[in-house]
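Engineer: from the sequence below, what's the structure:
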Amino acid sequence: SIMFAPMSVNDQTPEGVRLLRDTATFRSGGRMQTLSWASKYDGASLWRSAQPKVGLQGNRSAADELFMKKIAESAALANSQAFNNGSMPKRPSVAFLKMLTGSINESDLMLDNFRNRDAKAFYEDCMLKIFDLRPKSSAMANRTAGYGYENTHHYKNTTLSFFGIGNIHAVRDSYQKIS
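Structural biologist: Reported below is the predicted structural model:
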């Protein structure tokens, strides 16, 4: 298997290996954030992971927070390079982006705010959108078992949205009803 991580994480050094190991330890089943899709046009990317082990105490992981920061920095760099190369494709309408992201604030959509900015400046304003596909009630209930969801106060420039999709059994039952 191959796992993609931010380029700034060097898995050939003890520090890089420790970061990867500690990040995986903080995620259910060791399933840490890994790149699932990346746009060749604008630096957009999708990362998947299991729920964090925050529990009722609201546990934190410095490694997990650093890894998320490195994801944001990589995204900012890729996006700023796309802007600088002038290869940015036409964006979908604002209405579509709001529907897709659940955003009601246009500034969250980062439409044209970052032209000609370096990656460090871009990162200062770059937002990571965490999409938790579970119902929020399920995510909250999982805290009693030692799991839960990200506290966005600990992850710079993040937002968290729940999408209310049931577990695999509920999805299967829904599929069977429409088939």
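
Engineer: all strands for the protein, in order.
Structural biologist: Here the chain has its strands, by DSSP state E, at 34-38, 45-48, 128-132, 158-162.

Engineer: for Leu77, which of those is the nearest?
Structural biologist: Ranking these by proximity to Leu77 (C-beta to C-beta) places strand 45-48 first, at 11.4 Å. (Glycine included, C-beta is placed from N, CA and C.)

Engineer: now do the closest one: which elements does it pack against?
Structural biologist: If you count contacts as 3 or more C-beta pairs under 8 Å, 6 or more residues apart in numbering; DSSP states H and E, strand 45-48 packs onto strand 34-38, helix 62-85.

Engineer: pick the most buried one from the ones you listed.
Structural biologist: Looking across those with neighbours counted as mean count of other C-beta atoms under 10 Å, the highest average goes to helix 62-85: a mean of 19.

Engineer: is the most centrally placed residue in the chain bridged to anything, and to what?
Structural biologist: With distances taken as C-alpha atoms, centre = their mean, Ile130 lies nearest the centre of the chain, 4.6 Å away. Taking DSSP bridges as the rule, Ile130 bridges to Leu160.

Engineer: end to end on stretch 159-169, go ahead and measure it.
Structural biologist: Stretch 159-169 has an end-to-end distance of 28 Å (criterion: C-alpha to C-alpha, to the nearest Å).

Engineer: where does this protein have its least confident helix or strand?
Structural biologist: helix 119-125 (a mean of 56; mean pLDDT, DSSP states H and E).

Engineer: that older thread, dump the strands of the chain to CSV, plus distance to Gln176 and mean pLDDT.
Structural biologist: Shown next, in CSV, are those (distance: least, C-beta to C-beta, whole Å; pLDDT from 0 to 100):
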stretch, distance to Gln176, mean pLDDT
strand 34-38, 27, 91
strand 45-48, 25, 91
strand 128-132, 25, 90
strand 158-162, 24, 89
